[in-house]
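S.K.: the amino acid sequence is not available; the structure is as follows:
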C-alpha cells in the first residue's frame, strides 16, 4: 500500500570513489517496520476521524494518485465551506501536478481563484485572509508545487488588497 519500500542494509563508504554504497533490501507488506511506517503516516494524516480529505492526503503521500483523486472528488461533493472547496481543489491540483496532467492542474487552480474572487465579500478581515493563506500553504506547499502556490497567493492577495478596505 505504500508503494515500494526499501531498507538500507549495511551502508559502507567507498574511499576509493569517495561515495557511499547503500545495499537495499525490499520490504514486504508483512514486515513490521513497513507496517509501522504505514501506521505512522495513517495516524498523522487521518487520525481518529477519517474524512475523504484525510484519506485523499494519505493516498497522495503513499503515491496512490488515482485513489487520492477519487477521494478529493468525493470531498468536493460535500464541502461545508468555501475553505473546504478551495482545499479540495488544491488537493486535486497536487494530484494532477504529480500525474503530469497540467491542464487539469491549471483548471483546479483557476477554480480556486474564481471561488475566492466570487466569495471575496465573505472575507471581511485579515484573520480570514491569514487562515486562507495558511490553508493554501499547508495544502499545497511542497517543493514540486511551490510555483502553483505562489501563483495562487499572488493572484489572491493582489485581488484582496485592491478590493477590500480594512476598518
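M.R.: On my side now, so go ahead. Quick caveat, the model's predicted, so the values are computed rather than measured.
S.K.: where does the closest residue to residue 51 other than its chain neighbours sit, in terms of helix or strand?
M.R.: Excluding its sequence neighbours, the residue lying closest to residue 51 (Cβ to Cβ, 6 or more residues apart in numbering) is residue 75, at 7.2 Å. For glycine as for every other residue, the C-beta is placed from the backbone atoms N, C-alpha and C. Counting by DSSP states H and E, the element that carries residue 75 is helix 65-77.
S.K.: helix 65-77 and the helix or strand following that helix, what's the angle between them?
M.R.: The first helix or strand that comes after helix 65-77 along the chain, using DSSP H and E, is helix 82-98. If you take axes from the mean of the first three to the mean of the last three Cα atoms, to 10 degrees, helix 82-98 sits at 160 degrees to helix 65-77.
S.K.: packing partners of helix 82-98?
M.R.: helix 52-61, helix 65-77, helix 102-118, helix 126-140, helix 146-163 (3 or more Cβ pairs under 8 Å, 6 or more residues apart in numbering; DSSP states H and E).
S.K.: domain assignment for the protein?
M.R.: 1-32, 79-163 (automatic domain parsing).
S.K.: worst average pLDDT in these?
M.R.: Lowest mean pLDDT within those: domain 79-163, at a mean of 70.
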